[in-house]
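Colleague: A structural model of the following input is requested.
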Amino acid sequence: MNIFIQVKSAGKRRPALEKREYELPDGISTLRELVLAVVDTEVSVYNSKDMDTPVTRYLTEVEIEDGASGGKIGFKRIYSGKKAAGAKARETAIQAFEDGLFRVFVNENERYALDEAADLSEGDTLTFVRLTFLSGRLW
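Modeller: Model prediction:
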C-alpha cells in the first residue's frame, strides 16, 4: 500500500511538513501495527546506509543551501558502526507513543489508542508530530 508520510518536530525551524511517498505492507489494521511497520522500514533503511564512507570530502552549494533552509548543515554520515536494533526500536516507538512523545494523524484525524483501527487507504497521508517538552521551572 502506498501512502504519504509527513514528520514534524515542534523544535525544528522548517515551517512546513515535508511529505514523502511511503510503501507499507498490506494487512495493517491497528495503529500499533502501523507504527511498528514504519519503525521496521526505517530501521531497514538506516541499517542499509553506508557507515562513515564519504564519497565527497566537501559539501556542495546545493547541500549547504538545503541544510541552511532546514536549520542544520552537516554531512549526513553515520559515524558509529552500530546498526539499529529492530526489536529495541519497536519497543521504544511503542513506549514513546504511550508516553505522549509523538502524535499520529491519518488524514488530519488524530489516532489516540494503539489498538484502535488504523483505517488506511491507498494514498492516505500519515503525519507524525514529535512533541518537545519545554524546560524550566515548574513553580
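Colleague: Could you use CA atoms for every contact and neighbour count after this?
Modeller: Will do.
Colleague: Any stretches of the chain with poor pLDDT?
Modeller: Along the chain, segments meeting pLDDT under 70 span 8-17, 50-58, 75-81, 134-139.
Colleague: what are the ranges of the helices in it?
Modeller: For the chain, the helices defined by DSSP state H occupy 31-48, 61-70, 86-98.
Colleague: what's the most buried one of those helices?
Modeller: Of all the helices of the chain, helix 31-48 carries the top mean neighbour count, a mean of 17, counting by mean count of other C-alpha atoms under 10 Å.
Colleague: on that earlier part again, may I see the helices of the chain organised as JSON lines, with distance to Glu110 added?
Modeller: Below are the helices of the chain laid out as JSON lines (distance: least, C-alpha to C-alpha, whole Å):
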{"stretch": "helix 31-48", "distance to Glu110": "11"}
{"stretch": "helix 61-70", "distance to Glu110": "26"}
{"stretch": "helix 86-98", "distance to Glu110": "13"}
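Colleague: among those helices, which is nearest Ile5?
Modeller: With C-alpha to C-alpha as the criterion, Ile5 lies closest to helix 31-48 of the helices of the chain, at 9.7 Å.
Colleague: Now do the same contact list for Leu101.
Modeller: Leu101 makes contact with Arg130, Leu131, Thr132, according to C-alpha atoms under 8 Å, 6 or more residues apart in numbering.
Colleague: hey, what's the first one bridged with?
Modeller: Going back to what we said before, that points to Arg130. Applying DSSP bridges to Arg130 yields these beta-bridge partners: Ser9, Phe102.
Colleague: how near is it to Phe97?
Modeller: Going from Arg130 to Phe97 by C-alpha to C-alpha, to the nearest Å gives 10 Å.
Colleague: what's the overlap in contacts for the two?
Modeller: Common neighbours of Arg130 and Phe97 (C-alpha under 8 Å, 6+ apart) are Arg103.
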